[in-house]
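Undergrad: sequence? don't have it. structure:
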């Protein structure tokens with residue numbers, strides 16, 4: 001299929017929601033900040049984007065979606081939306097890391113970041129952050145395993161990496177004092193996750209054979225073990 005591949009991408013990982021369509025190498029996107037309104041907005045945004053592109057759901061080759069980590073509610077909404085669409089049109093699904101998409105979007109906005117690793121850091125609440133480190137020249141390549149940790153732990157690891165390799169940082173999790181103080185070449189805490197970048201990463205992952213069935217799509221919370229542990233503790237009380 002090559003560049004003729006058509007990918008419909010959806011994201012509701014954080015305080016924004018967006019949909020994008022990669023069509024013959026070009027991307028169109030609808031993006032809105034609506035923290036508590038994802039459920040009502042996503043499907044109309046999909047319909048409008050397809051209509052503007054003079055396409056139908058059956059015309060796309062695959063659907064891409066942020067698999068997480070991120071907001072538990074937002075992830076469930078986006079994944080349920082994509083599963084419903086994929087089931088209806090019998091299309092494959094491409095799960096994309098929200099952190100990788102965040103890093104890719106930062107490099108798209110700041111092209112001068114090209115050539116150095118990018119740390120993507122999302123606020124996970126409870127005094128923790130989700131984070132990962134990505135190759136700016138190959139944004140689907142994770143250089144540091146995605147994790148949920150306290151800001152001080154992340155700052156310590158980034159400091160060690162930055163001593164040998166210049167790097168950049170992006171994401172809402174950088175507001176924590178320990179991370180604001182890290183010495184990197186540059187950081188941008190205002191970047192958002194965009195379906196635009198999920199569509200582009202979906203294209204790369206498709207070429208690597210990463211497409212799955214709608215039934216096999218599951219969110220990546222990173223906090224699964226913590227959640228299970230807390231539920232067990234509550235049951236034992």
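TA: Arrived safely. Small disclaimer: the values here were computed from a predicted structure and weren't measured.
Undergrad: and the longest helix for the protein?
TA: Ranked by residue count, the top helix of the chain under DSSP state H comes out as helix 72-89.
Undergrad: middle-most residue in this structure, spatially?
TA: residue 98 (1.6 Å; Cα atoms, centre = their mean).
Undergrad: List phi and psi for it.
TA: phi -70, psi -30 (degrees, to the nearest 10).
Undergrad: Hmm, residue 41 and residue 34 touching each other?
TA: Yes. Counting by Cβ atoms under 8 Å, residue 34 does reach residue 41; the two are 5.7 Å apart. In this view, the C-beta of every residue, glycine as well, is placed from N, C-alpha and C.
Undergrad: Neighbour count: the two, which is higher?
TA: Under the criterion of other Cβ atoms under 10 Å, the comparison of residue 34 against residue 41 puts residue 41 first, with 17 against 13.
Undergrad: Quick one, grab the pLDDT at that one.
TA: Predicted confidence (pLDDT) for residue 41: 89.
Undergrad: Tell me which helix or strand it sits in.
TA: helix 38-52 (DSSP states H and E).
Undergrad: Check which element follows that helix along the chain.
TA: With secondary structure assigned by DSSP H and E, helix 38-52 is succeeded by strand 62-68.
Undergrad: strand partners of that next one, parallel vs antiparallel please.
TA: strand 6-11 (parallel), strand 93-97 (parallel) (DSSP bridges).
Undergrad: thinking again about what came up before, identify the residues contacting the longest helix of the chain?
TA: Identification of contacts with helix 72-89 by Cβ atoms under 8 Å, 6 or more residues apart in numbering yields 8, 10-14, 17, 38-39, 42-43, 46, 57-58, 60, 63-69, 91-93, 213-214, 217-219, 221.
Undergrad: which residues touch the closest residue to residue 122 other than its chain neighbours?
TA: Of all residues not flanking residue 122 in the chain, residue 130 sits nearest, at 4.4 Å (Cβ to Cβ, 6 or more residues apart in numbering). With contact set as Cβ under 8 Å, 6+ apart, residue 130 has these partners: 69-70, 99, 121-122, 124, 146-148, 173, 222.
Undergrad: next one: residue 46
TA: Per Cβ under 8 Å, 6+ apart, neighbours of residue 46: 8, 10, 19, 57, 81, 85.
Undergrad: how about the strands of the protein, start to end?
TA: 6-11, 16-23, 26-33, 62-68, 93-97, 117-123, 129-135, 138-149, 168-170, 186-188 (DSSP state E).
Undergrad: Is it possible to get JSON lines of those strands that adds mean pLDDT and distance to residue 177?
TA: Rendered in JSON lines, the data for the strands of the chain read as follows (pLDDT from 0 to 100; distance: least, Cβ to Cβ, whole Å):
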{"stretch": "strand 6-11", "mean pLDDT": "97", "distance to residue 177": "28"}
{"stretch": "strand 16-23", "mean pLDDT": "96", "distance to residue 177": "25"}
{"stretch": "strand 26-33", "mean pLDDT": "95", "distance to residue 177": "25"}
{"stretch": "strand 62-68", "mean pLDDT": "97", "distance to residue 177": "26"}
{"stretch": "strand 93-97", "mean pLDDT": "98", "distance to residue 177": "26"}
{"stretch": "strand 117-123", "mean pLDDT": "97", "distance to residue 177": "13"}
{"stretch": "strand 129-135", "mean pLDDT": "97", "distance to residue 177": "12"}
{"stretch": "strand 138-149", "mean pLDDT": "92", "distance to residue 177": "15"}
{"stretch": "strand 168-170", "mean pLDDT": "97", "distance to residue 177": "14"}
{"stretch": "strand 186-188", "mean pLDDT": "96", "distance to residue 177": "13"}
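Undergrad: Tell me which of those strands lies nearest to residue 204.
TA: strand 138-149 (4.8 Å; Cβ to Cβ).
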